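Visitor: Got a sequence here, can you build the structure:
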Amino acid sequence: MSGTGTTVGDDPLQTAVWRLRSRGCWTDAAALLTPHALSPSHTLPATGSGTTTGSTPALALQRAALLVERCLFTGEGWPEAEDALRAAEAAAREDHERGAAACERGHLAYASTVLGVRDRADEARAALGRAAALLDPTAPGRALLDFRRGLVAEHLSDSPQSARAAYRRAHAAATAAGETLLLSFTWRHLAGLALREGELAEARHGFGESLRIREELGYLVGTAPALAALADAEPEPEAARLRAEAGRLFRLLGGVPTWLADQLTPPAPVA
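Guide: All right, here's what the predicted structure looks like:
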C-alpha cells in the first residue's frame, strides 16, 4: 500500500496523511488534504480508494473516505462525512470516479446500519450495486468494492457463503495489486468466517496474517481489533495475553474503535 511512510519515494502529503490516519486522527488527516484539493497538478499514489491521480475528484474522495472511516471507528462525525461525500460525488466526472464515490456511499450507509445509528441497508446495497456497474472489472477500486460487498452480505444479509466468495475475490485482487492494507482486512474477515464454522487452524492463520500486516504497516488503530480477533481463536492463557495487549492499545487510543470494548471481555465459561 502506498502512503504508509514505508515506501521509498512516497508522496510527503500521503505519508503525513497515513501517519495521522493510522493513529486514528482522521479529522486532522482530512484537513491536510483540503488545501490541495484545488491543485490538479498534485500527484498522489494509490490510496485503496480506486483513484490514483491528484485531481480534485481523487482528493475529494480520499478526504471523504477518511471521514467515513472515522464514523465506523468512533460512531461520530456523520454530518461531516455526509458533506465530504456529497462534495466527492459532485466532483466526480468519469465513470471510475463515480463508481469509487458510490462505493464510499455504500460504505457509509453500511457503517450507519451496522452501528445501529440508522437503518440504511437498502441504500448500502444500492450504492454498491451502482459502483459495480460503473467500475470496470479490472479497475483498481474493484478489490475494495468486492470486500465491502462481502461486509454487506455477512453483516446485513446474513449470507456467509456470499460473503466468503466476495472476500476471496477481494483477497485475490488485493494480492495481485499489492494492496497490503486491504489484505489485512480480507485475511481477518475470511478468518472470522472460518472461526464461525469451527475451523480453528484456518482462523488462527488468517487472524495472524492480518495482525502481522497491520503491525508491519504501523496501522496502530487497527492493531487492537486484530489482537482481539486472534484471541477469539486461541486457547488460554494466550487469549488472555492477547486481550490484555489489545486493551492497552485501546486505552492508548482513547477508546477507539468504540465497538471493541465488548470484545476485550473474555467469554463467560459454560456452566
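
Visitor: burial measure for the closest residue to Ser159 other than its chain neighbours, as a count.
Guide: Of all residues not flanking Ser159 in the chain, Ala153 sits nearest, at 4.6 Å (Cβ to Cβ, 6 or more residues apart in numbering). Bear in mind the C-beta positions are built from the backbone N, C-alpha and C, glycine included. Counted with other Cβ atoms under 10 Å, the neighbours of Ala153 add up to 20.

Visitor: so where do the helices sit in the stretch 1-150 of the chain?
Guide: 12-22, 26-33, 56-74, 78-91, 95-114, 121-134, 142-151 (DSSP state H, counting those that start in this stretch).

Visitor: Against Glu216, how distant is Asp119?
Guide: For Asp119, the distance to Glu216 (Cβ to Cβ, to the nearest Å) stands at 37 Å.

Visitor: so which strand or helix has Phe207?
Guide: Following DSSP states H and E, one finds Phe207 within helix 200-217.

Visitor: Name the residues that touch that helix?
Guide: Helix 200-217 is contacted from outside by 1, 4, 6, 22, 180-181, 183-185, 187-188, 190-192, 194-195, 219, 222-223, 226-227, 229-230, 232-234, using Cβ atoms under 8 Å, 6 or more residues apart in numbering.

Visitor: Make a ChimeraX selection of the buried ones in the residues you listed.
Guide: Buried subset of the contacts of helix 200-217, written as a ChimeraX selection, criterion 16 or more other Cβ atoms under 10 Å:
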select :1,4,22,180,181,183,184,185,187,188,190,191,192,194,195,219,222,223,226,227,229,230,232,233,234
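
Visitor: domains in the protein, as residue ranges please.
Guide: Domain ranges of the chain: 1-169, 179-271, per automatic domain parsing.

Visitor: chain center to the last one, what's the gap?
Guide: In this case it means domain 179-271. Centroid separation between domain 179-271 and its chain, computed with Cα atoms, centre = their mean, to the nearest Å, is 15 Å.

Visitor: cool, stretch 23-33 as well?
Guide: 15 Å.

Visitor: what's it in contact with?
Guide: When contacts are defined by Cβ under 8 Å, 6+ apart, stretch 23-33 is touched by residues 13, 16-18, 20-21, 59, 62-63, 66-67, 69-70, 73, 77, 80, 84, 220-221, 253-254, 256.

Visitor: Give me the phi and psi angles of Asp158.
Guide: The phi and psi values for Asp158, taken as degrees, to the nearest 10, are phi 50, psi 50.

Visitor: dump the residue contacts of it.
Guide: With contact set as Cβ under 8 Å, 6+ apart, Asp158 has no partners.
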